[in-house]
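Q: This is a predicted model, with the sequence first.
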Amino acid sequence: MSSGTSTQKTLASRLTLWNAAIYIAFFGSAFALFYLSINTILHSDLDEDLEEDVAEFRMLLETDGFAAVKLEIEREFFSDNPEDTFFKIMDSKGNTMFTSDLSNWEDAGDSPQLPDKLRQDNEIVFETIDAPDDDYTARVVYGWIGPDMILKTGESMEDMQDFMGLLSTIFSITFVIVVLFASAAGWLLARRALRGVEDVSSAAVDVANGTLDRRVHVKTEGAEIERLASTFNAMLDPPDTAYFGFVLL
């Protein structure tokens, strides 16, 4: 009896581990794909917004002149949190022509190869830098808005990264719950599936101890278990019983 129980426990444990491993692999892969998709979409939307800013300032410069561009920069800057965004206009040599308040963005330096990069990358260049508090990053875009005028504007990715962090926390909690549930469900299913094997094992022990009239009750627990029980019972029917009796003498 102990041998049968031990076998059942071993098989049940293995089935439980396999079940949990499948859930972990499937759920983890699904979340990774979902996380990467959301992250890509958010980054793409932010880049589109920044690129639209360049196009809008280019059009504003063409229609209303540089003074209107400066007024619009001041309006947009003061309508947002100064730590979340900045604006800077330079000439092709990198000389500053106009900026918003950069006291929170002192580390947002300019690339010395910027004009060449702009010409090679269709007049738009993106980069990611450290935000003012260094706990987050910021997305920056460079773009031509005039013949000798480059707009540099950046936006903090704090909200985006906070959202992705919250998403990761929710996933971690959900992941633990799912794994625990999958393990418990797998254990119960494995115990139920192997209950017939334990019955056959118990009957075999009884027969080995001399109880030759012992039989296994055939239950509807699956074709494999039913076949195993029926085969075992058939082995104990005459003339096989006489053979077992001979062996036991």
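A: Yep, it's here.
Q: got the contact list for Ala138?
A: 108, 128-131, 154-157 (C-beta atoms under 8 Å, 6 or more residues apart in numbering). (Each C-beta comes from the backbone N, C-alpha and C, glycine too.)
Q: Please convert those residues to TSV, extending it with neighbour count, secondary structure and distance to Ser230.
A: Shown next, in TSV, are the contacts of Ala138 (neighbours: other C-beta atoms under 10 Å; DSSP: H, G, I helix; E, B strand; the rest coil; distance: C-beta to C-beta, whole Å):
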residue	neighbour count	secondary structure	distance to Ser230
Ala108	18	coil	79
Thr128	12	strand	68
Ile129	13	strand	73
Asp130	13	strand	72
Ala131	23	coil	72
Gly154	22	strand	76
Glu155	20	strand	72
Ser156	22	strand	72
Met157	20	coil	67
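Q: from these, which is closest to Ala184?
A: Distance to Ala184 across the contacts of Ala138 (C-beta to C-beta) is lowest for Met157, with 39.8 Å.
Q: so where do the strands sit in the chain?
A: Along the chain, the segments classed as strands by DSSP state E run 85-90, 96-99, 124-130, 137-146, 149-156.
Q: Please name whichever of those strands is nearest to Asp53.
A: Of these, nearest to Asp53 by C-beta to C-beta is strand 149-156, at 5.6 Å.
Q: Return the list of helices and strands in contact with the closest one.
A: With contacts taken as 3 or more C-beta pairs under 8 Å, 6 or more residues apart in numbering; DSSP states H and E, strand 149-156 sits against helix 2-64, strand 85-90, helix 114-120, strand 137-146.
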